[in-house]
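Asks: Give me the fold of what follows.
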Amino acid sequence: MNLKPESLATTTYLPVAWEYREVIEEQISKKTNGKINFFCREEGICDAVGTIIEMNEFKGEGVFIFLDNGARIRIDRIITLFGKPGAAYDEYDAYGLACLDCTGGYDKEELKGYSI
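Replies: Residues are numbered from 1 along each chain as shown. This is a model prediction of the structure:
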């Protein structure tokens, strides 16, 4: 997947809807173990497997979850949490649909008469 560096370098925390926080808190209380996919700088999209042990907010940085394996993940960058859509799922989905808006390098004027 070809991700834009500016998306990965997002340093400003984006507020997350309360529903996502509730799901995380529920998974903490259930001690669910599983896979979390998220945006990261290293590879674009990363994953971590483990159990969420806590969620904490750090002033000026955002809200993070901490896994039993030591991983720290900012919650606004979570794509999927144990198979369920996370706060960044729509952003991830937009990358998959981006080509549907593509004109193959042509201007719309050059494509007149063709179905696009």
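
Asks: Looking at strand pairing, list the partners for residue 35.
Replies: Taking DSSP bridges, one obtains residue 49 as the residues bridged to residue 35.

Asks: I figured it hits residue 47, correct?
Replies: Yes: counting by C-beta atoms under 8 Å, residue 47 is a contact partner of residue 35 at 5.6 Å. Heads up, the C-betas are built off the backbone N, CA and C, glycines and all.

Asks: can you pull out the helices in the protein?
Replies: Counting by DSSP state H, the chain forms helices over residues 5-8, 18-30, 89-97, given from the N-terminal end onward.

Asks: any idea of the mean pLDDT for the shortest one?
Replies: Along helix 5-8, the predicted local confidence has a mean pLDDT of 50.

Asks: What is the burial count for residue 81?
Replies: Here the neighbour count serves as a burial measure; for residue 81 (other C-beta atoms under 10 Å) it reads 24.

Asks: Spit out the contact partners of it.
Replies: Residues touching residue 81, when contacts are defined by C-beta atoms under 8 Å, 6 or more residues apart in numbering, comprise 23, 24, 27, 36.

Asks: how about a cut-off of 6 Å?
Replies: Listed by C-beta atoms under 6 Å, 6 or more residues apart in numbering, the contact set of residue 81 reads residue 36.

Asks: Ok, the one 5 residues further on next?
Replies: Applying C-beta under 6 Å, 6+ apart, we find residue 86 in contact with 78, 79, 80.

Asks: Could you do residue 73 as well?
Replies: If a contact means C-beta under 6 Å, 6+ apart, then residue 73 has 38, 65 as its contacts.

Asks: Also the one 4 residues further on?
Replies: When contacts are counted by C-beta under 6 Å, 6+ apart, residue 77 is found next to 38, 39, 88.

Asks: Number of residues surrounding residue 65?
Replies: Using other C-beta under 10 Å as the criterion, the residues surrounding residue 65 number 23.

Asks: Tell me who's in contact with it.
Replies: Remark: with contacts taken as C-beta under 6 Å, 6+ apart, residue 65 is in contact with 52, 55, 73, 75.
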